[in-house]
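Visitor: Quick one: sequence and predicted model below, then my questions.
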Amino acid sequence: MRDLGELKVRMKGSRTALSPADELLIRDFEKRFRVELPEDYQTFLKEIPGGHPQLSVIRVAGAPWEINRFYPLTRGESPTTDLVSAMQEWSEVLGRGYVPFANDGGGNQFVLAVGQKPAPVYIVIHDEDFRQVKLANSFAEFVDALEEVPDDEL
């Protein structure tokens, strides 16, 4: 997986003041929701405390999908949706074995299918009957494919 600093994740335009997750927080999340987070995503959570990445676009078959923001895993210090509240909100719709880790500007969810190994990444399109589009075979592959939004697409 690429150096996560290259993503330049920010919260409201500046480097986020939230703390990254630690091992205990990750284990508590896994126990609470009865999931096992992949190692590459755990590494991400331990380095990135959520926010909007500058490298925010992934392309699949020519179609760009843009991350609005990654959900933080915090101890209640997030002023907006965090990973726990996203799981609570989306688990009934997504079903067991899916973890929403980010959203796009339209509220579609980027999810990890943690019931599979490796855990592939999908985007779940809520206004198309929750259609899933596979974006990557793993979280690391997903992160490695992220790029900036080209000026002509702004």
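Guide: Sure, I can see it.
Visitor: Tell me who's in contact with the residue nearest in space to the middle of the chain.
Guide: The residue lying closest to the centre of the chain (CA atoms, centre = their mean) is residue 101, at 2.8 Å. Residues in contact with residue 101 (CB atoms under 8 Å, 6 or more residues apart in numbering) are 41, 70, 71, 83, 86, 110, 111, 112, 139. All C-beta atoms are positioned from the backbone trio N, CA, C, and that covers glycine.
Visitor: Please flag which of the residues you listed sit within strands.
Guide: 70, 110, 111, 112 (DSSP state E).
Visitor: Out of these, which end up buried?
Guide: 70, 110, 111, 112 (16 or more other CB atoms under 10 Å).
Visitor: ok, now how distant is the last one from residue 33?
Guide: The gap separating residue 112 from residue 33 is 12 Å, by CB to CB, to the nearest Å.
Visitor: what's the overlap in contacts for those two?
Guide: With CB under 8 Å, 6+ apart as the test, residue 112 and residue 33 both reach residue 99.
Visitor: now residue 133, nearest residue through space, not along the chain?
Guide: Nearest non-adjacent residue to residue 133, counting by CB to CB, 6 or more residues apart in numbering: residue 123, 5.1 Å away.
Visitor: Also residue 25?
Guide: residue 73 (5.9 Å).
Visitor: Over to the one you found. Which of the three states is it?
Guide: Going by DSSP: H, G, I helix; E, B strand; the rest coil, the secondary structure assigned to residue 73 is coil.
Visitor: Any regions of this protein where pLDDT drops low?
Guide: 12-17, 76-80, 151-154 (pLDDT under 70).
Visitor: Strands of that one, start to end?
Guide: 9-10, 52-53, 57-60, 63-66, 69-70, 98-103, 109-113, 121-125, 131-136.
Visitor: which other residues reach the last one?
Guide: Meaning strand 131-136. Under CB under 8 Å, 6+ apart, the answer for strand 131-136 is 58, 60, 65, 110-111, 120-125, 142, 145.
Visitor: Fine by me, we can end here.
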